[in-house]
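Participant: kindly return the folded structure for what I paste below:
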Amino acid sequence: MQCPSCQNTDSRVLESRSADAGRSVRRRRECLNCDFRFTTYERVETVPITVLKRNGSRETFNRSKLLNGVTRACEKTSIQSKNIEVIVDALEVQLQQRNVREVPSSEIGEMVLVNLKGISEVAYIRFASVYRQFNGINDFVETLETFNSEKGQLATVI
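Facilitator: Okay, here's the model as predicted:
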């Protein structure tokens, strides 16, 4: 394992424990060159999922890219990082359990929005604004009205 500080490949494992409900192993390591301590995770390798992008290109599903997007949407909200991990883990499991190995990015985005809707309105709107490529205030207003009407509330926008 390469040290993130000095890029040396020699390290020793200080501690190992189960993580993600037994789906991965968390290891604390120490670099033998610079004594820097870091954490690694081992996961079972799965069949790759291909994401069909809007522009027609294909790319391999990248868990960390999805995690970064959800984390950005949840910044400065009360959502804890472990809850964000749970959301991303659940989405990844859903994708892995499908028979289809190619998934449109729009479908993944909608799956994220469904999860965020019940947790944080702010995170939902932030993620939707990037994922749905809002061009102006009308896009925000329209999404807020839809959000409120689906929750059974009066759509009031000031």
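
Participant: quick check: which element contains the most far-flung residue of the chain relative to its centre?
Facilitator: The centre of the chain is farthest from one residue, residue 33, which by CA atoms, centre = their mean lies 33.0 Å away. Assigned by DSSP states H and E, residue 33 falls within no helix or strand.

Participant: measure the residue nearest to it when sequence neighbours are not counted to residue 138 for me?
Facilitator: Spatial nearest neighbour of residue 33, excluding adjacent residues (CB to CB, 6 or more residues apart in numbering): residue 8 at 3.9 Å. (C-beta placed from N, C-alpha, C; glycine too.) To residue 138, residue 8 is 54 Å away according to CB to CB, to the nearest Å.

Participant: higher neighbour count, the two?
Facilitator: Between residue 8 and residue 138, counted using other CB atoms under 10 Å, residue 8 has the larger neighbour count: 14 against 9.

Participant: quickly find the element holding that one.
Facilitator: Going by DSSP H and E, residue 8 is not part of any helix or strand.

Participant: my guess is it contacts residue 2. True?
Facilitator: Yes - assessed by CB atoms under 8 Å, residue 8 is found in contact with residue 2 at 7.3 Å.

Participant: burial count for residue 106?
Facilitator: Residue 106 is flanked by 14 other residues according to other CB under 10 Å.

Participant: which ones are touching it?
Facilitator: Going by CB atoms under 8 Å, 6 or more residues apart in numbering, residue 106 touches residue 54.

Participant: ok so it is a helix residue?
Facilitator: Yes - under DSSP: H, G, I helix; E, B strand; the rest coil, residue 106 falls within a helix.

Participant: and the protein, what are its domains?
Facilitator: By the assignment in automatic domain parsing, the chain contains the domains 11-43, 50-150.

Participant: can I get these in TSV including mean pLDDT?
Facilitator: Shown next, in TSV, are these (pLDDT from 0 to 100):
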stretch	mean pLDDT
domain 11-43	92
domain 50-150	87
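
Participant: which residues touch the residue farthest from the centre of the chain?
Facilitator: 3, 6, 8, 10.

Participant: you'd agree the last one is up against residue 34?
Facilitator: Okay, so that is residue 10. No - counting by CB under 8 Å, residue 34 is not a contact partner of residue 10; they are 10.4 Å apart.
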